[in-house]
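**Q** this one's structure only:
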């Protein structure tokens, strides 16, 4: 039987990405495929694997207010 390979790779952002990566490794057995550190101990990009499943992760970086105008943030109504 062939190994499963996901065609959708989720990407998650965390305030403490190093701790999240450690947690996924310890709890679910994900292996660090690639981990690239950013500034101040943050994670610029990480890929974790578990069998044929791949997951990407990075640290949340809060931009300054001036740079926020370059992004579009959709607003969704609150659930009823």
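**A** Good, I have the coordinates. Please read these numbers as outputs of a predicted model, since none were measured by experiment. Numbers count the residues shown, from 1 in each chain.
**Q** Residue 55: neighbour count?
**A** 19 (other CB atoms under 10 Å). In short, each C-beta sits where N, CA and C put it, glycine included.
**Q** need the contact list for it.
**A** Counting by CB atoms under 8 Å, 6 or more residues apart in numbering, residue 55 makes contact with 9-12, 24, 30, 47-49.
**Q** Going through those, which ones are buried?
**A** Neighbour counting by 16 or more other CB atoms under 10 Å classes 24, 30, 47-48 among these as buried.
**Q** where do the helices sit along the protein?
**A** Along the chain, the stretches classed as helices by DSSP state H are 17-28, 65-68.
**Q** comparing these, which gets the lowest mean pLDDT score?
**A** Among the helices of the chain, helix 65-68 carries the lowest mean pLDDT, a mean of 52.
**Q** Give the closest residue to residue 54 in space, chain neighbours not counted.
**A** Nearest non-adjacent residue to residue 54, counting by CB to CB, 6 or more residues apart in numbering: residue 9, 5.0 Å away.
**Q** Just the pLDDT for the one you found.
**A** For residue 9, the pLDDT comes out at 81.
**Q** In this protein, what helix or strand scores lowest on average pLDDT?
**A** Sorted by mean pLDDT, DSSP states H and E, the helices and strands of the chain end with helix 65-68, the least confident at a mean of 52.
**Q** ends of stretch 8-28, how far apart?
**A** Start-to-end span of stretch 8-28 (CA to CA, to the nearest Å) is 19 Å.
**Q** tell me the most buried of the helices of the chain?
**A** Most buried of the helices of the chain by mean neighbour count (mean count of other CB atoms under 10 Å) is helix 17-28; its value is a mean of 14.
**Q** Can you tell me what sits against that helix?
**A** Contacts of helix 17-28 (CB under 8 Å, 6+ apart): 12, 14, 30-32, 35, 41-43, 46, 48, 50, 55, 57-60.
**Q** rerun that using 10 Å as the cut-off
**A** With CB atoms under 10 Å, 6 or more residues apart in numbering as the test, helix 17-28 has contacts from 12-14, 16, 30-32, 35, 37-38, 41-46, 48, 50, 53, 55, 57-60.
**Q** Narrow those to those in strands?
**A** Applying DSSP state E to the contacts of helix 17-28, the entries found in strands are 12-14, 31-32, 35, 37, 43-46, 48, 50, 53, 55, 57-59.
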